[in-house]
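Colleague: coordinates only, sequence not included:
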């Protein structure tokens, strides 16, 4: 029903935003109840999503006969990355993902999927030629933007603590 009135991109983006909001609410609940109020014990069972964290989302290669190993690796890495994004393993990446989903809702409201395919098809053959004609200028702009983005990422990363790596945990 929802696809009748909205584009497929909007439906996907709103559904993913709903899941992301639910997970963020659960994370906030656990943080408040365990960390601040100390009403729940500091153990994995205090998290309402603790059973979902343990779900194996990998597709076994032997069950996929017609798909090559490369396709299986791509799907598995994509599912692992989505699991990391939805379960807030890296807060900065999760916020960027949420902003991207929010932007997709607007793109979906402006264009239907067929329009986006036509624009992508046109860009697929136009943009390489534009790049070849203006390679020096484009490379300068890309390097400047990359430098600014890297600097901004460092500043934002300094604001949020990250989880200690497995090597750090073993050393302790």
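Modeller: On my side now, so go ahead. From a predicted model like this one, the values you see are computed outputs, not experimental measurements.
Colleague: outside of stretch 20-37, which residues touch it?
Modeller: 39-42, 46-49, 86-88, 94, 97-98, 101 (CB atoms under 8 Å, 6 or more residues apart in numbering). Using the backbone N, CA and C atoms, a C-beta is placed for each residue, glycine as well.
Colleague: biggest separation within these, which pair?
Modeller: Greatest spatial distance among the contacts of stretch 20-37 (CB to CB): 41 and 101, at 33.4 Å.
Colleague: of these two, who's got more company?
Modeller: residue 101 (19 against 10; other CB atoms under 10 Å).
Colleague: C-terminal to the host helix or strand of the more buried one, what's the next element?
Modeller: If you go by DSSP states H and E, residue 101 is part of helix 91-110. Counting by DSSP H and E, the next helix or strand C-terminal to helix 91-110 is helix 113-133.
Colleague: what sits up against that following helix?
Modeller: By CB under 8 Å, 6+ apart, helix 113-133 touches 7, 8, 9, 107, 111, 138.
Colleague: return the member of those nearest to residue 16.
Modeller: Closest approach between these and residue 16, by CB to CB: residue 9, at 10.6 Å.
Colleague: surely the closest one and residue 106 touch.
Modeller: No: between residue 9 and residue 106 there is no contact under CB atoms under 8 Å: 9.8 Å.
Colleague: of these two, who's got more company?
Modeller: Per other CB under 10 Å, whichever of residue 9 and residue 106 has more neighbours is residue 9, with 19 against 12.
Colleague: residues contacting that one?
Modeller: Taking CB under 8 Å, 6+ apart, one finds 104, 105, 107, 108, 111, 113, 116 in contact with residue 9.
Colleague: filter the residues you listed down to just the buried residues.
Modeller: By neighbour count, with 16 or more other CB atoms under 10 Å, the contacts of residue 9 hold 104, 105, 108, 111 as buried.
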